[in-house]
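Asker: sequence isn't available, so here's the structure alone:
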Ligand code: NDP
């Protein structure tokens, strides 16, 4: 097979550099399914990896991009055949395996998800890791008893990829959604996705007591730190808090009071290390009962592969809303 284009991340003398290179399929990290990549996306983690703002890769060099969708070119795994449409999110791509920012990728059969009926390759990347994670959070909350009647669900980091999709999914299932966002310019988008109320994160009175007045039925938290602490202290009896991200901080300082006096559950969400049957199930739901109603609004940018290097800065500087799809080939 001829050489193809890849966005490759290097570490040299402790410094990260990244750019377009040409490479061959044989040079890709090992895997049993070769995929012609049609679309990828940008997650916060991708921006950290490509710019060096955070340490994401565990080996160098690698092609960036934790997500990809495309068509199988060849497979040593009998579950896949040439021409089949597939997607891959996370699973070590752009950490220890070459990722989706390349015209071809190689993955492991267990990581590959057949594109669910009713979902396009574009929509699969409109969702990407962010959409999968939002749906996983909702599924785990409901598995643990969350219901709309328990009260409003707070979504923090609301204007981001996970946040916008979480709002759309929760509102679609009948939850009253309260968005916490630092960006006034995102208000119209968040309202159009189904947020009933928007709190400006800078203006929230976080309180100090181990338990404050119970206000929320549950929460989807993308930011960690003081806001997550506040959520543990203000969530009502039996509410679930899905802990997804650390956009503000990796710290969580709370007490056992919310857990032993209100029965609050803190659910850890790890999109990468989910058992395969759970991943396949969540993707099927994203094409059926959890299909976002407004993915066209969530995808705020569709960019060409050539434009990728210029797109990361806005993510690192928190100047982006919604999701960016990257058209690879
Ligand atoms: P985005 O960059 O798209 O969105 C993050 C949002 O967080 C921003 O839009 C902003 O929302 C808010 N934010 C940014 N900086 C701060 C800050 N200093 N303090 C408070 N809020 C801030 O990221 P994603 O939606 O892709 O990911 C969200 C988080 O979840 C990230 O930390 C990511 O690493 C993590 N993640 C974890 C996964 C898992 O498996 N556990 C999977 C996917 C993502 P606003 O301006 O509206 O407040």
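Answerer: All right, it came through fine. What you see is a predicted model; the values in this text were computed from it and never measured.
Asker: please make it C-alpha for all contacts and neighbour counts, starting now.
Answerer: Noted.
Asker: distance check, residue 177 against the ligand.
Answerer: Noted for residue 177: a distance of 14 Å to the ligand, by CA to the nearest ligand atom, to the nearest Å.
Asker: residue 52 too?
Answerer: According to CA to the nearest ligand atom, residue 52 stands 14 Å off from the ligand.
Asker: so where's the stretch 201-329 of the chain uncertain?
Answerer: Nowhere does the stretch 201-329 of the chain drop to pLDDT under 70.
Asker: and it, which residues reach the ligand?
Answerer: 222-223, 244-248, 269-272, 315, 318, 321 (CA under 6 Å from any ligand atom).
Asker: try 5 Å
Answerer: 222, 244, 245, 246, 247, 248, 269, 270, 271 (CA under 5 Å from any ligand atom).
Asker: surely the fourth one touches residue 224?
Answerer: This points to residue 246. Yes. Between residue 246 and residue 224 there is a contact at 4.7 Å, judged by CA atoms under 8 Å.
Asker: now, of the residues of the stretch 201-329 of the chain next to the ligand, which are buried?
Answerer: The neighbour-count test (16 or more other CA atoms under 10 Å) applied to these identifies 222, 244, 245, 246, 247, 269, 271 as buried.
Asker: identify the farthest-apart pair in these.
Answerer: Pairwise distances across these (CA to CA) peak at 16.0 Å, for the pair 247 and 271.
Asker: which helix of the protein spans the most residues?
Answerer: Using DSSP state H to define each element, the chain has its longest helix at helix 121-143.
Asker: now do the helices in this structure.
Answerer: Counting by DSSP H, the segments of the chain that form helices are 44-51, 121-143, 161-172, 187-193, 225-234, 257-261, 276-286, 295-298, 312-316.
Asker: and for the closest residue to residue 235 other than its chain neighbours, the neighbour number?
Answerer: In space, and not counting its chain neighbours, residue 235 is closest to residue 216: 4.6 Å by CA to CA, 6 or more residues apart in numbering. Residues lying near residue 216 (other CA atoms under 10 Å) number 24.
Asker: please apply the same query to residue 329.
Answerer: When neighbours are defined as other CA under 10 Å, residue 329 has 15 of them.
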